[in-house]
Structures are given as C-alpha cells and as structure tokens.
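> A predicted structure for the sequence below; I have some questions about it.
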Amino acid sequence: MEDFGAHLARTGPLDVRGIDWDAVPRHPLSPSTVRTLRYMQDIEAHTIIYLRTLLGTRAVDDPEVATFLAGWFYEETFHGLALSRFLAAAGYPVTPRPRSRLAPGQWLEVRTTGLLARVWPDFVAVHMTWGAINELTTLVGYQRLAAVAGHPVLSELLARIVRDESKHFHFYYKQAERRLANHRTARIVRRLVQHFWAPVGSGVQPAAETRFLTACLLTGRDGRDAARRVDRTIWRLPGMAGVALLEAWVDAVGLARPAPDDAPLLDVAPSAA
C-alpha cells in the first residue's frame, strides 16, 4: 500500500495529554452509558486474544499485515487502558478478568479460524473484510456513545480513540478492496460474512449485553442512520453490495427503540444469526 509508511509513522499510544480526568465526576453518566463503556472497555482489552488467534494464521505471512497487527494491538491496548481510567475516574473501576481460558464459543471460533486459514489460501481476505466491518462499527459506536452520553470529557476521549480506529479501518478497508478484486474470493468472503458475522464482542460478552449496546446506540432515527452508514460503506467493497450487516442485525434481534437505562433486555429473542 502506498500510504503504509505514513500509517506506521502515526502509530503510537493514545494521546491523553490535556484530558481533564479530575472533571470526569463533575458530569453525570447514565447507567446505560456506564454499561456500554464497560462493554467497550472489555472488548478493547480482549484484543490480545484476537491477536493470539491471528498469529497462528496466514495473516502473519504478509509483511504489511503482520506489521500492522503489531501496531493495531499496541494502540487498541491503550484504548482499553484509557477507557478503564475514565471509568475509574467516574467512580466505576474495572476489575480485570482472566482471559487465558476461552469460553466454548470462543474456543470453537479459534479452531474454525485456524482451520479456514490452513485450507484456504485467500484467508487474509476474510480477515481484512471482517476487520473493516468491525473497525467501522467500533468507531461509529464510539461516535454514537459520545452523542448519547453528552459528557464533555468522554466526548474528547472518544474523539481521540476514533482517530485511531479510523486509521485501522482505512488499512483494513484498502486491504479488503484489493483482495476482493478476485471474484471467486469475493464470493466466498461474502458467503462467510453473510452467515457468520456478528457485532464486535459477540461471544466475548453475554448476548444480552450485545443486544443492550445495540439498543442504546443503533436504534431510533440517529442510531439507524449510523447503522445504515456502516452498511453502505462496506457495500462499496467488491462483491459486498447489499450484504446483510448492522441494520439487519438490529432487525434480527427485534430492537426498535433505545433501551431504558437499566433494562436488561433479557426478554429480547436471541439473534437468528
């Protein structure tokens, strides 16, 4: 990629200079914002597990991809630390949880990923497409959370995280665009995305938490518009036009409006995906 050197030059820890941590508790946080932040912090901290899975695949055979993954992991780790610091400053400290033992669903995902990577030479195209969807979903989720929460310090912190996520998305998207130019590869990737993709954190967090976050950020007029923007951006990739993604997920779990602050959403039917 022509701009890969520029991407590397911008890689580094999240810049939190000037963030007024002392001002965090002066502005209220709704229970739904805290719950959503905990979800997001946990997923950022889980990046090391995603990386562990990828290190056993063909992805590390591509020098650009391998170098990108190192910087991606570094930056995502600092995102998790920054969100943890914010929650602690707000009076909601995070207790780190053990991650060495995978849940059955996660174990199956790791095994399936490894098998697919061994038998299919174009596996990296799947990862790049999946990464583009997830990075775009994440950055749009952060933008939505800033708008919903209305907390000035959080808005500033999330804006800085979004800048990193935008870099990550750009890399994944350009890689996917190039690799999906092969029509056969694009057909297979589309089929895999159509049948197996789910929002970031699915399988890592309980299903009820994923539905709660979806209801908070991706329902109502603004939420639906955000989901639609994600879908339409990914649809521009070769072979991906019209593939069911974020808005279809909202429909599949039967969500129509933002969740109340303390709603567990346990009465919502599980996704059919």
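That came through, no problem. No experiment lies behind these values; they were computed from the predicted model shown.
> relative to the whole chain's centre, how far out is stretch 209-220?
Between the centre of stretch 209-220 and the centre of its chain there are 14 Å (Cα atoms, centre = their mean, to the nearest Å).
> use 25 as the first number for this chain going forward.
Got it, the first residue is 25 from now on, which makes the last one we talked about stretch 233-244.
> I'd like the average pLDDT over it.
The average pLDDT for stretch 233-244 rounds to 92.
> now swap in stretch 116-135 and tell me
pLDDT averaged over stretch 116-135 gives 68.
> and the closest residue to residue 39 other than its chain neighbours, which of the three is it?
Among residues not flanking residue 39 along the chain, residue 184 sits closest, at 6.1 Å (Cβ to Cβ, 6 or more residues apart in numbering). Glycine gets a C-beta too; all of them are placed from N, C-alpha and C. For residue 184, the assignment made with DSSP: H, G, I helix; E, B strand; the rest coil gives helix.
> from memory residue 38 sits against residue 184, does it?
Yes: at 6.1 Å, residue 38 counts as touching residue 184 under the criterion of Cβ atoms under 8 Å.
> so between those two, which is more surrounded?
More neighbours surround residue 38 than the other of residue 38 and residue 184, with 21 against 17 (other Cβ atoms under 10 Å).
> show the pLDDT at that one.
You'll see residue 38 listed with a pLDDT of 94.
> what is the burial count for the residue nearest to residue 46 when sequence neighbours are not counted?
Leaving aside its chain neighbours, residue 46 sits nearest to residue 113 (7.7 Å; criterion: Cβ to Cβ, 6+ apart). Look at residue 113: counted by other Cβ under 10 Å, it has 17 neighbours.
> for residue 113, give me its contacts.
Residue 113 makes contact with 45, 46, 48, 49, according to Cβ atoms under 8 Å, 6 or more residues apart in numbering.
> the first one contacts residue 108, doesn't it?
No: between residue 45 and residue 108 no contact is recorded; they are 12.0 Å apart, counting by Cβ under 8 Å.
> and these two? which has more neighbours close in?
More neighbours surround residue 108 than the other of residue 45 and residue 108, with 21 against 14 (other Cβ under 10 Å).
> so who does that one touch?
For residue 108, the contact set (Cβ under 8 Å, 6+ apart) comprises 65, 69, 117, 118.
> got a pLDDT number for the residue nearest to residue 46?
pLDDT recorded at residue 113 is 98.
> just confirm residue 154 is within a helix.
Yes: using three-state DSSP, the secondary structure at residue 154 is a helix.
> ok, now which ones touch it?
Residue 154 makes contact with 217, 221 under the criterion Cβ under 8 Å, 6+ apart.
> tell me how far it lies from residue 86.
Using Cβ to Cβ, to the nearest Å, residue 154 is found at 15 Å from residue 86.
> any low-confidence regions in the chain?
Scanning the chain for pLDDT under 70 picks out 25-33, 122-145, 278-297.
> all the strands of it, residue numbers only.
Assigned by DSSP state E, the chain shows no strands.
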